[in-house]
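**Student:** Here is the input, now give the coordinates:
(chains A and B)
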Number of protein chains: 2
Amino acid sequence: MRIALDAMGGDRAPSEIVAGAVEAVREHGREIVLVGRRPVIEEELARQGASDSRLSVVDALEVVSMDESPVASYRTKKDSSIAVGLRLLRDREVQGFVSAGNSGAIMTAALFILGRIEGIERPALATVFPTLLGKCLLIDVGANAECKPHYLAQFGLMGSVYMERVFGCQSPKVGLLSNGEEDSKGNQLVQEARPLLRGAPLRFVGNVEGKDIPFGLADVVVCDGFTGNVVLKLAEGIGEMFFQMLREELTRNVLSQAAAAVLRPSFRRIAKRLDYQEYGGAPLLGVNGVCSIAHGRSSAKAICNAIRVTIQAAEGGLVQAIAERAAELERVPKVKGG
Amino acid sequence: MRIALDAMGGDRAPSEIVAGAVEAVREHGREIVLVGRRPVIEEELARQGASDSRLSVVDALEVVSMDESPVASYRTKKDSSIAVGLRLLRDREVQGFVSAGNSGAIMTAALFILGRIEGIERPALATVFPTLLGKCLLIDVGANAECKPHYLAQFGLMGSVYMERVFGCQSPKVGLLSNGEEDSKGNQLVQEARPLLRGAPLRFVGNVEGKDIPFGLADVVVCDGFTGNVVLKLAEGIGEMFFQMLREELTRNVLSQAAAAVLRPSFRRIAKRLDYQEYGGAPLLGVNGVCSIAHGRSSAKAICNAIRVTIQAAEGGLVQAIAERAAELERVPKVKGG
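**Tutor:** Prediction:
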């Protein structure tokens, strides 16, 4: 099992990325191929005193910046660390690819280089969301701002397989994000997607509302990529707002500072439960290969976690399982209307 | 200044509603007309020992339940507390209407009874969202699951007028909720709405992301009612999740309980900043009359706050100001495309 890691992608590349790789080989014991500018990576490895034989480097001459146009970067930078890493995956040199780089560029390149799994029309980006009961997977969180109803059924199916294969969730409950629980609720997309999800080979629990996500009413929450992106970023913002308010309050005076010191382990545990870095990045599902996109601000810990879930997905046969389930979905007779 | 209050609407009606009215006449010194079943209301007033001459009752024989179909309830219950209260508003017997009842039924009845403000095609439900800097108004949060681009421009305009007239916000910053800040981002609706907002008589600041809402980057955040409803309920759910996690942690042992006791005032202040009940319900904007929908779970305090902002909106000339601004919007030459 070898995983390719884009050493040049992310706001804190290459230092945090390389540090994450060092941590990952130590913790997970698989080989990591660092992809990017060889001199930069080797210098960073030397600086960190890393000399593990399970760490290797594959040279990639170009770097895609965080704000570059996805399509233009794919066309003009054939030797970017993203493209080289994805070609290693396509050619089975590695079994998974992780990058904290420009997510649009990764999605575009993955689509062109790896191609789609048969039966999946649009790859989708999924992300793990902390809940009171554990976690749920939100899909799509940004790959497809505009969706057709049957994409949503495919998202539900891919999310379901992911929760089974990576987190061992038995028969995950799949909910459709809507503006009300009742079947009469939803915009046109949701109204049309509901019967398709109901007919799909997955455990559909109907509409879920925004508040049902943190309460853990579904293991997989399906939505279009526009709504999912808003949800993801809102949750991030609310979490930061909360901790900011807490910080302001807990530093008001000596007494509150003392009490806060006592409660520090408690606050740390809450922060850990809510921390996206714990959950290992966002899997890009539906492409022909195991590919994870880590947050642009990823620390070494976040990279290490992203590598862990990528290994789990590859070892769990994620791509093959999605392909089999998509074939089942295609055999389901198409339901028209409600 | 008289405000009609639906005494029968909400999960905690009539007791909390009547208690809210009693509190409101004491605090805000205006007259409140309690609308609903006279015997029930009078009994409740007697039970609460309320005998303020500024409290009166208007009889309404029927009650719309929380899960009734909006259109059916409007057609079959012409004498519901909602319909009677809205007719008082239409006939200028009162200057505002507040209900914690079935929001769909209120919106439908308001549209039929009050009609729309000229130049506004779709009334929208707005809600105040707490931010690190204070508050912002999110519009639409559920009146229109499916929107056309020019509705969003009208929502921005109405939200802008509301923030000016009710909260004294000078030249409110209006943002368009999207899946990225760049102009290239957005679904088709957002792409088409952006130039219309840019050309509208308001201070448009471009796209905002989910995380920008709690950070207070805009005073008014415009979105379709499907997305807004998801955002609103997600925020509610995340807030509850957070306090639930906090409760679990702070009751772990005697030491943490003691520290938590010291910090109780701090936690209370945070809860108050995040409490929707402080912000006075959701204004229904675009109908010909000042109409506020309070949360179904509203307490007396929430009702009292909803009455306060309804008074502010009526005294601030909200409806007239929206009509004038909508006329300006209509004079703006229509921009096609980008």
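**Student:** ok, residue A:86 touching residue A:109?
**Tutor:** Yes. Using CB atoms under 8 Å, residue A:86 is in contact with residue A:109, at 5.5 Å. C-beta coordinates here come from the backbone N, C-alpha and C atoms, glycine included.
**Student:** quick one: which of the two has more around it?
**Tutor:** When residue A:86 and residue A:109 are compared for neighbours, residue A:109 comes out ahead with 30 against 27, by other CB atoms under 10 Å in any protein chain shown.
**Student:** what does whichever strand or helix holds that one contact?
**Tutor:** According to DSSP states H and E, residue A:109 maps onto helix A:103-114. Outside helix A:103-114, the residues that touch it by CB atoms under 8 Å, 6 or more residues apart in numbering or on different chains are A:9, A:64, A:68-71, A:73-74, A:80, A:82-83, A:86-87, A:89-90, A:97, A:99, A:123, A:125, A:142-143, A:282, A:284, A:287-289, A:291, A:293, A:296.
**Student:** did I read that right, residue A:23 in a strand?
**Tutor:** No. The assignment for residue A:23, made by DSSP: H, G, I helix; E, B strand; the rest coil, is helix rather than a strand.
**Student:** Let me know the pLDDT of it.
**Tutor:** Confidence at residue A:23, expressed as pLDDT, is 96.
**Student:** for residue A:280, same thing?
**Tutor:** At residue A:280, pLDDT is 76.
**Student:** how about the strands in chain A?
**Tutor:** A:2-6, A:31-36, A:55-59, A:96-99, A:124-131, A:134-139, A:173-177, A:203-208, A:220-222, A:282-285, A:291-293 (DSSP state E).
**Student:** and the third one, how far out from the chain's middle?
**Tutor:** Here the centre of strand A:55-59 is set off from its chain's centre by 24 Å, with CA atoms, centre = their mean, to the nearest Å.
**Student:** Give me the most central residue, chain A.
**Tutor:** residue A:282 (0.6 Å; CA atoms, centre = their mean).
**Student:** so where's chain A shaky on pLDDT?
**Tutor:** Scanning chain A for pLDDT under 70 picks out the ranges A:276, A:332-338.
**Student:** care to break it down by domain?
**Tutor:** Using automatic domain parsing, the domain parsing of chain A gives A:1-120+A:286-316, A:122-278.
**Student:** Dump these into CSV; add distance to residue B:24 as well.
**Tutor:** Conversion of those to CSV gives the following (distance: least, CB to CB, whole Å):
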stretch, distance to residue B:24
domain A:1-120+A:286-316, 47
domain A:122-278, 28
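**Student:** what about the ones you listed, which gets the closest to residue B:41?
**Tutor:** With respect to residue B:41, and counting by CB to CB, the nearest of the domains of chain A is domain A:122-278 at 30.1 Å.
**Student:** What is the linear distance spanned by that closest one between its boundary residues?
**Tutor:** One end of domain A:122-278 sits 27 Å from the other (CA to CA, to the nearest Å).
**Student:** Run through the residues that contact residue A:6.
**Tutor:** With CB under 8 Å, 6+ apart, residue A:6 has these contacts: A:13, A:17, A:35, A:36, A:81, A:82, A:85, A:97, A:98, A:99, A:100, A:101.
**Student:** can you redo the strands of chain A as TSV with distance to residue B:163?
**Tutor:** Shown next, in TSV, are the strands of chain A (distance: least, CB to CB, whole Å):
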stretch	distance to residue B:163
strand A:2-6	44
strand A:31-36	48
strand A:55-59	54
strand A:96-99	41
strand A:124-131	31
strand A:134-139	31
strand A:173-177	28
strand A:203-208	31
strand A:220-222	32
strand A:282-285	35
strand A:291-293	37
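**Student:** Out of those strands, which one sits most buried?
**Tutor:** Ranked by mean neighbour count, those are led by strand A:96-99 with a mean of 32 (mean count of other CB atoms under 10 Å in any protein chain shown).
**Student:** Which residue does the stretch 51-200 of chain A have closest to chain B?
**Tutor:** In the stretch 51-200 of chain A, no residue comes nearer to chain B than residue A:179, which is 3.7 Å away by CB to the nearest CB.
**Student:** which ones among the contacts of helix A:103-114 come in contact with chain B?
**Tutor:** Taking CB under 8 Å from any CB of the partner chain, the overlap between those and the neighbourhood of chain B is residue A:142.
**Student:** Can you select the buried ones among the contacts of helix A:103-114 for me in ChimeraX?
**Tutor:** Filtering the contacts of helix A:103-114 down to the buried ones (16 or more other CB atoms under 10 Å in any protein chain shown) takes a single ChimeraX command:
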select /A:9,64,68,70,73,74,80,82,83,86,87,89,90,97,99,123,125,142,143,282,284,287,288,289,291,293
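**Student:** Pull the contacting residues for the nearest residue to the residue of the stretch 51-200 of chain A closest to chain B once chain neighbours are set aside.
**Tutor:** Distance criterion CB to CB, 6 or more residues apart in numbering or on different chains; nearest residue to residue A:179, sequence neighbours excluded, is residue B:229 at 3.7 Å. By CB under 8 Å, 6+ apart, the residues touching residue B:229 are A:179, A:180, A:209, A:210, B:141, B:142, B:145.
**Student:** Tell me which residues of the helix holding residue A:109 come out buried.
**Tutor:** Buried-residue list, helix A:103-114, by 16+ other CB under 10 Å: A:103, A:104, A:105, A:106, A:107, A:108, A:109, A:110, A:111, A:113, A:114.
**Student:** how near is residue A:301 to residue A:295?
**Tutor:** Taking CB to CB, to the nearest Å as the measure, residue A:301 falls 11 Å from residue A:295.
**Student:** Looking only at neighbour counts, state which of the two leads.
**Tutor:** Set side by side, residue A:301 and residue A:295 show more neighbours around residue A:295, with 20 against 15, by other CB under 10 Å.
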